[in-house]
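> Give the three-dimensional model of this entry:
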Amino acid sequence: HHSPFAHPTMSIPGSDVDFTGFFHAAIAHLACRPDCSSLADKLMQDPAVQATWAALLLPKSRKMDDVLSARPDLFSRSVSYSGKAVMKLQALALHCLPPTPIPPPGSTPTAPLLPKAPASSWNSKGSWGAQQGGYGGGWGSSWDGPELPRQPLMGGEALQGTVLEWKGKFGWIEPLEAIDHPLATKHNARVYVHMKDLADGRQSLRAGDRVTFQAYTDNSGIGAEAVHLTEPPMTA
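Numbering: from 1, shown residues only. Below you'll find the model as predicted:
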């Protein structure tokens, strides 16, 4: 008996390379974003995406972009307002989160991605909108901020910033250079930091402290981890 598909692992039309691992990494990267989309170059800087791509040992002429574009039933491509390529998950891809196998191309009709239910809460009445100023409730109780799945940003490079305020167990950092990401404007371009992401065993920061940090994104926006003080605190 032959399987209905000549290549059970066929991932893109006209190729017998199995791109499943690479597609899984790309899907996992996009699925963590609030609207399941990401700048194409950010997606391609994701360490897991890069590692699974490198493992395929493809000729240099093969481009990630072309492989992703070969599966419009999984990934749609558009151009952002600043002219950059944006990759967005299609509904089918959300059913292919690892370890679910990727269906061969053309085996399922394409369907537009319906917004996930929480989307409405980002707007006027959501936990953020209703609690302008009441961040503790918005981030702490309903989202449980520090426990959400994270995606490293900027390739995990160390960024610099200044602490704007500290509220007991969490605070806000103003990055020295603006972070180029769709979520960066969400909290007035501020970066959330939780006590458990402070390095060197610190329990708190103070407004005005200069820090280095690595940025990540989760459903609530952009946060900081591996936060180090860059100057020793002034001794009174």
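> Next, the contact list for residue 198, please.
204-205, 227 (Cβ atoms under 8 Å, 6 or more residues apart in numbering). Bear in mind the C-beta positions are built from the backbone N, C-alpha and C, glycine included.
> Residue 39: what's it in contact with?
Per Cβ under 8 Å, 6+ apart, neighbours of residue 39: 80, 84-87, 180-182.
> can I assume residue 76 sits in a helix?
No: with DSSP: H, G, I helix; E, B strand; the rest coil as the criterion, residue 76 is located in strand rather than a helix.
> check contacts around it.
Counting by Cβ under 8 Å, 6+ apart, residue 76 makes contact with 87-90.
> Make JSON lines out of those residues and add pLDDT and neighbour count.
Putting the contacts of residue 76 into JSON lines (pLDDT from 0 to 100; neighbours: other Cβ atoms under 10 Å) gives the following:
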{"residue": "87", "pLDDT": "91", "neighbour count": "26"}
{"residue": "88", "pLDDT": "90", "neighbour count": "17"}
{"residue": "89", "pLDDT": "90", "neighbour count": "23"}
{"residue": "90", "pLDDT": "88", "neighbour count": "20"}
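> Columns secondary structure and distance to residue 102 on top of the contacts of residue 39, output as TSV?
Listed next are the contacts of residue 39 as TSV, based on DSSP: H, G, I helix; E, B strand; the rest coil; distance: Cβ to Cβ, whole Å:
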residue	secondary structure	distance to residue 102
80	coil	26
84	coil	26
85	strand	22
86	strand	21
87	strand	16
180	coil	30
181	coil	27
182	coil	26
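> and the next element down the chain from the longest helix along the chain?
Identified as the longest helix of the chain according to DSSP state H is helix 20-31. Per DSSP states H and E, the first helix or strand lying C-terminal to helix 20-31 is strand 37-39.
> on contacts alone, who are the packing partners of the longest helix of the chain?
For helix 20-31, the packing partners by 3 or more Cβ pairs under 8 Å, 6 or more residues apart in numbering; DSSP states H and E come out as strand 37-39, helix 40-45, helix 47-55, helix 64-69, strand 85-89, helix 91-94.
> Just put these in a markdown table and tack on distance to residue 106.
Putting these into a markdown table (distance: least, Cβ to Cβ, whole Å) gives the following:
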| stretch | distance to residue 106 |
| --- | --- |
| strand 37-39 | 23 |
| helix 40-45 | 23 |
| helix 47-55 | 23 |
| helix 64-69 | 15 |
| strand 85-89 | 18 |
| helix 91-94 | 11 |
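> Of those, which is nearest residue 157?
Closest approach to residue 157 among the helices and strands packed on helix 20-31 is made by helix 40-45 (10.0 Å; Cβ to Cβ).
> So residue 157 versus residue 214, what's the distance?
Distance, residue 157 to residue 214, using Cβ to Cβ, to the nearest Å: 7 Å.
> Show me which of those two is the more surrounded one.
residue 214 (19 against 11; other Cβ atoms under 10 Å).
> Closest one to residue 34 out of the contacts of residue 198, please.
Distances from residue 34 to those, taken by Cβ to Cβ, are shortest for residue 227, at 23.1 Å.
> Which helix or strand contains that closest one?
strand 221-229.
> Which among the contacts of residue 198 count as buried?
The neighbour count (16 or more other Cβ atoms under 10 Å) marks 205, 227 as buried among the contacts of residue 198.
> which one of the contacts of residue 198 is nearest residue 94?
After measuring those against residue 94 - Cβ to Cβ - the closest member comes out as residue 227, at 32.4 Å.
> Which residue is the nearest non-sequential neighbour of the closest one?
residue 213 (4.4 Å; Cβ to Cβ, 6 or more residues apart in numbering).
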